[in-house]
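Q: generate a structure from the sequence data that follows.
(2 chains)
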Amino acid sequence: DSGVTQTPKHLITATGQRVTLRCSPRSGDLSVYWYQQSLDQGLQFLIQYYNGEERAKGNILERFSAQQFPDLHSELNLSSLELGDSALYFCASSSFEGSYNEQFFGPGTRLTVL
Amino acid sequence: KNEVEQSPQNLTAQEGEFITINCSYSVGISALHWLQQHPGGGIVSLFMLSSGKKKHGRLIATINIQEKHSSLHITASHPRDSAVYICAVKGISGTYKYIFGTGTRLKVLA
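A: Model prediction:
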């Protein structure tokens, strides 16, 4: 158990809908990362937050947004869902924001868009 | 051509064999990360390297910054090592961009 929790574990929804994925980092970790893993694209970095502020952006679509709250939990919002958004979404946390800090991954949320 | 290439893509080994997985990258990096993804989907961070070599149990990771290459070695492999091993690089300061390799699927037979 990494100490990172993600809810829900599974999510099935329809095209055009909006969903929110939630991540609670390890106790004391200030940095949260979101990743998407689809069958055809592999793992992709979406976005990083550090202590409530956005720090880095990867291949995150405009239909997706995220935030980190004062209690350090983070939410990833996915809207106008398309079939291609079906994927595993992972959250990871680390103590600080720098390159050299080990990341601890949550179990993932499996999103299926029908 | 992908910015991060892993080889081999698939690897089957007998229990006890020494295994090497390679990762080559073409961009400037501040760190390289080796990850293990279990058949159930969970991801475990194995090593984060910026230079030299790290060892943890039967796992050894090395990186050669000049050659833009890293290797992950597993000594005395065991069926529980069966997983997908993923290399990821983090861009130089100011970019913070993570780029992932496509992974190496390892199966260790008893």
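
Q: what sits closest to the residue nearest the centre of chain A if chain neighbours are left out?
A: Ranked by distance to the mean C-alpha position of chain A (Cα atoms, centre = their mean), the top residue is residue A:34 at 3.2 Å. The shortest distance from residue A:34 to any residue that is not its chain neighbour, by Cβ to Cβ, 6 or more residues apart in numbering or on different chains, is 4.2 Å, and that residue is residue A:46. C-beta: built from backbone N, CA, C; applies to glycine.

Q: contacting residues around the residue nearest to the centre of chain A?
A: Residue A:34 sits next to A:23, A:45, A:46, A:47, A:48, A:60, A:66, A:74, A:76, A:89, A:90, A:91 when contact means Cβ atoms under 8 Å, 6 or more residues apart in numbering or on different chains.

Q: the first one: how many residues sit nearby?
A: Which is residue A:23. Residue A:23 sits with 26 neighbouring residues when counted by other Cβ atoms under 10 Å in any protein chain shown.

Q: specify the beta-bridge partners of residue A:23.
A: With DSSP bridges applied, residue A:23 shows beta-bridge pairing to residue A:6, residue A:74.

Q: just give the strands next to the lowest-mean-pLDDT helix or strand in chain B in its sheet, each with its orientation.
A: Confidence across the helices and strands of chain B bottoms out at strand B:98-100, with a mean of 85, counting by mean pLDDT, DSSP states H and E. Within its sheet, strand B:98-100 is paired with strand B:83-91 (antiparallel), according to DSSP bridges.

Q: pairing partners for the helix or strand hosting the residue nearest to the centre of chain A, with directions?
A: When secondary structure is defined by DSSP states H and E, residue A:34 falls within strand A:31-38. Taking DSSP bridges as the criterion, strand A:31-38 pairs within the sheet with strand A:42-50 (antiparallel), strand A:87-94 (antiparallel).

Q: could you dump those strands into a markdown table and include mean pLDDT and distance to residue B:40?
A: Listed next are those as a markdown table, based on pLDDT from 0 to 100; distance: least, Cβ to Cβ, whole Å:
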| stretch | mean pLDDT | distance to residue B:40 |
| --- | --- | --- |
| strand A:42-50 | 91 | 16 |
| strand A:87-94 | 95 | 11 |
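
Q: tell me which of those is the most buried.
A: Between those, the one whose residues have the most neighbours on average, counting mean count of other Cβ atoms under 10 Å in any protein chain shown, is strand A:87-94 (a mean of 24).

Q: downstream of that one, the next helix or strand is which one?
A: Sequence order places strand A:104-105 as the next helix or strand after strand A:87-94, per DSSP H and E.

Q: same for that next one, what does it pack against?
A: Taking 3 or more Cβ pairs under 8 Å, 6 or more residues apart in numbering or on different chains; DSSP states H and E as the contact definition, the neighbouring helices and strands of strand A:104-105 are strand A:87-94, strand B:43-49.

Q: mind listing what's buried along the last one?
A: Buried positions in strand B:43-49, judged by neighbour count with 16 or more other Cβ atoms under 10 Å in any protein chain shown: B:43, B:45, B:46, B:47, B:48, B:49.

Q: how about CSV for those, with distance to residue A:108 and pLDDT added?
A: What follows is the buried residues of strand B:43-49, written out as CSV (distance: Cβ to Cβ, whole Å; pLDDT from 0 to 100):
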residue, distance to residue A:108, pLDDT
B:43, 8, 91
B:45, 14, 89
B:46, 17, 92
B:47, 21, 90
B:48, 20, 89
B:49, 24, 90
